[in-house]
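Peer 1: got a structure for you, letters missing:
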């Protein structure tokens, strides 16, 4: 087998397409976690964004699909924020509950509305290039906001020293609500890309672990938008390589299907211990206790 048949421009093209949802979702995760809130619900929000993006396009048009996806993503993130910030529930448990809820709801609605359990009818969407351009613009914008604006300084300070911020009059809850909702918007937009940009329909559980890989990209990128961008491109390349090798039929497909996740574990094994998350991440803030 000639290596040029695998490593060529087509592989780069595929890698870029596959990295777009990771770029968007990892950026959302960065906003949430820098403010101190763990959001492993990115996977479920992506899935909801993919479904409702398709639904909006099916009944109206692709733009309506994206708007509907973002609204649903915002509301889902708000639910996670309420549980995590106001009621101080375990943030991991809240995220897992949302992921399970998203799978059940989308499967139920898919069968209820379309009498199919595998996929929806084909719908109209936008070119993936539009999403790619927006993803790169959002990364640059996110980097600027987080590291060059007063709001970004407050977000990072709230994630590191919420008690000190509270003493200075910074509204801890307002910052965290804002950041969690931003993460929901970006994750839902990422999901809408799957059904309206990458494909032209919704398929059962089509997020397929991408939300968790986006979290890995966020950690690999050390909670920085540019770093997460590079990590997402790497994971997108791994996914594209897996698909290319599968097409050649020379390696067992079971192994190839696991390749992106193997790369993820290898990367995280090398990063954990070197990357330092915000000091107060995952710790609900209680004014009476300090943190």
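Peer 2: Noted; the coordinates are in hand. Note that the structure is predicted; figures quoted are calculated from it, not measured.

Peer 1: list the buried ones in the longest helix along the chain?
Peer 2: Criterion DSSP state H: the longest helix present in the chain is helix 9-34. The neighbour-count check on helix 9-34 (16 or more other Cβ atoms under 10 Å) flags 11, 14-34 as buried. Yep, even glycine has a C-beta here, placed from its N, CA and C like the rest.

Peer 1: so what's residue 173 closest to, chain neighbours aside?
Peer 2: residue 85 (5.8 Å; Cβ to Cβ, 6 or more residues apart in numbering).

Peer 1: so how many other residues sit close to the one you found?
Peer 2: By other Cβ atoms under 10 Å, 22 other residues sit near residue 85.

Peer 1: where in the protein is pLDDT low?
Peer 2: 1-7, 247-257, 259-260, 267-275, 289-291 (pLDDT under 70).

Peer 1: how about the residue nearest to residue 173, phi and psi?
Peer 2: Main-chain dihedrals, residue 85, degrees, to the nearest 10: phi -100, psi -50.

Peer 1: wait, doesn't it sit right on residue 282?
Peer 2: No - using Cβ atoms under 8 Å, residue 85 makes no contact with residue 282, being 11.9 Å away.

Peer 1: So residue 20 versus residue 133, what's the distance?
Peer 2: Distance, residue 20 to residue 133, by Cβ to Cβ, to the nearest Å: 10 Å.

Peer 1: wait, I meant residue 171
Peer 2: Using Cβ to Cβ, one obtains 34 Å as the distance from residue 171 to residue 133.

Peer 1: Could you list every helix and strand that the helix or strand where residue 48 lies packs against?
Peer 2: Following DSSP states H and E, the helix or strand that holds residue 48 is helix 42-59. Applying 3 or more Cβ pairs under 8 Å, 6 or more residues apart in numbering; DSSP states H and E, one finds that helix 42-59 contacts helix 9-34, helix 62-81, helix 91-114, helix 172-193, helix 210-220.

Peer 1: and the angle from it to helix 172-193?
Peer 2: When axes from the mean of the first three to the mean of the last three Cα atoms, to 10 degrees is applied, the directions of helix 42-59 and helix 172-193 differ by 50 degrees.

Peer 1: buried sites along helix 42-59?
Peer 2: Applying a neighbour-count criterion of 16+ other Cβ under 10 Å, the buried positions in helix 42-59 are 42-58.

Peer 1: Please apply the same query to stretch 59-71.
Peer 2: Judged by neighbour count (16+ other Cβ under 10 Å), stretch 59-71 contains these buried residues: 62, 65-71.
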